[in-house]
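*Asks:* what shape does this take:
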Amino acid sequence: MSAGLVTGVALLGALAGCVTPVAARRFTGRSDGSPGRVLVRSWALAPIGAALFGGLAATRGADPALPAFLLMAAAGLVLAVVDLACLRLPDPLVGAAALFGGLGLVGAALAADAPGRLLMALAGAGVSLAGHVLLALLPGSRLGFGDVKLASALGLPLGWLGWPVLWLGLILPHVLNGVVVLGLLAARRVRRDTALPFGPALLAGTWLAVLLA
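*Replies:* Below you'll find the predicted structure:
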């Protein structure tokens, strides 16, 4: 993809970052129905969105599945903010990510005449679902079923890119999360029993795996 198109996609990502706090506020409401607070500013998320979109465009620009990746990245921004704000991964958001990503991959498979890659995407979702269900059922596991559902949705783009990328995408979130937790423990910002969000690590690990593919 040309530098101009990468820049254009990055600017689109910056726009997605700007509107993310507004979208996230809808899903962080309190029990009385009033909207919750999202402690992040649009100016802070704009460069993050630009980096996410620009990285995908620069590395996957020739892949017909790029629109699907970008749609899932946009939904992922909102999911990460919501999870950080209230330790929740709302089903409607996870479902939207899976739906947009799935439809985008169907279109990519038709455009590339590659039904086998679509089957791989479905296999990736299934493998990711099964693996994270097992992890969630382990004694003492803190993996929630919102995390399990999100991991399954993220298995779609990972599976599209093949088995090596899928395995990398399954491992990286746990490595990233472990590093963050160890850092927070060392800084005495959290305790061993502190509940922490896992959705951002899932999303970051998937993004890195796609870039490294």
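*Asks:* pull out the buried residues from stretch 150-170.
*Replies:* Residues of stretch 150-170 classed as buried by neighbour count (16 or more other CB atoms under 10 Å): 150-161, 165-166, 168-170. All C-beta atoms are positioned from the backbone trio N, CA, C, and that covers glycine.
*Asks:* whoops, I mixed them up, stretch 185-197
*Replies:* Pro197.
*Asks:* can you check the distance spanned by it, start to finish?
*Replies:* 15 Å (CA to CA, to the nearest Å).
*Asks:* give me the distance from that stretch to the chain's centre.
*Replies:* Here the centre of stretch 185-197 is set off from its chain's centre by 23 Å, with CA atoms, centre = their mean, to the nearest Å.
*Asks:* what residues does that stretch touch?
*Replies:* Asp83, Leu84, Leu87, Arg142, Asn177, Val180, Val181, Leu184 (CB atoms under 8 Å, 6 or more residues apart in numbering).
*Asks:* could you rank these by neighbour count and give me the top one?
*Replies:* Neighbour counts for those (other CB atoms under 10 Å) peak at Asp83, which has 28 neighbours.
*Asks:* follow-up on the earlier one: which ones among the buried residues of stretch 150-170 lie within helices?
*Replies:* 150-160, 165-166, 168-170 (DSSP state H).
*Asks:* closest one of these to Ala3?
*Replies:* Pro157 (24.0 Å; CB to CB).
*Asks:* contact partners for the closest one?
*Replies:* Pro157 neighbours (CB under 8 Å, 6+ apart): Ala65, Ala68, Phe69, Met72, Gly101, Leu105, Ala121, Gly124, Thr206, Val210.
*Asks:* how about 10 Å then?
*Replies:* 56, 60, 63, 65, 68-69, 72-73, 101-102, 104-105, 121, 124-125, 165-166, 169, 206-207, 209-210, 213 (CB atoms under 10 Å, 6 or more residues apart in numbering).
*Asks:* which element is the spatially most central residue of the chain on?
*Replies:* Closest residue to the average C-alpha location of the chain: Leu203 at 3.0 Å, with CA atoms, centre = their mean. If you go by DSSP states H and E, Leu203 is part of helix 199-212.
*Asks:* what does Asp63 give?
*Replies:* Asp63 belongs to no helix or strand, assigned by DSSP H and E.
*Asks:* what about it, neighbour count?
*Replies:* Count around Asp63 with other CB under 10 Å applied: 20.
*Asks:* on that earlier part again, need the contacts of stretch 185-197 in JSON lines (columns: pLDDT, secondary structure and distance to Leu196).
*Replies:* Converted to JSON lines, the contacts of stretch 185-197 look like this (pLDDT from 0 to 100; DSSP: H, G, I helix; E, B strand; the rest coil; distance: CB to CB, whole Å):
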{"residue": "Asp83", "pLDDT": "94", "secondary structure": "helix", "distance to Leu196": "10"}
{"residue": "Leu84", "pLDDT": "91", "secondary structure": "helix", "distance to Leu196": "10"}
{"residue": "Leu87", "pLDDT": "90", "secondary structure": "coil", "distance to Leu196": "8"}
{"residue": "Arg142", "pLDDT": "87", "secondary structure": "coil", "distance to Leu196": "8"}
{"residue": "Asn177", "pLDDT": "95", "secondary structure": "helix", "distance to Leu196": "8"}
{"residue": "Val180", "pLDDT": "94", "secondary structure": "helix", "distance to Leu196": "8"}
{"residue": "Val181", "pLDDT": "91", "secondary structure": "helix", "distance to Leu196": "7"}
{"residue": "Leu184", "pLDDT": "89", "secondary structure": "helix", "distance to Leu196": "8"}
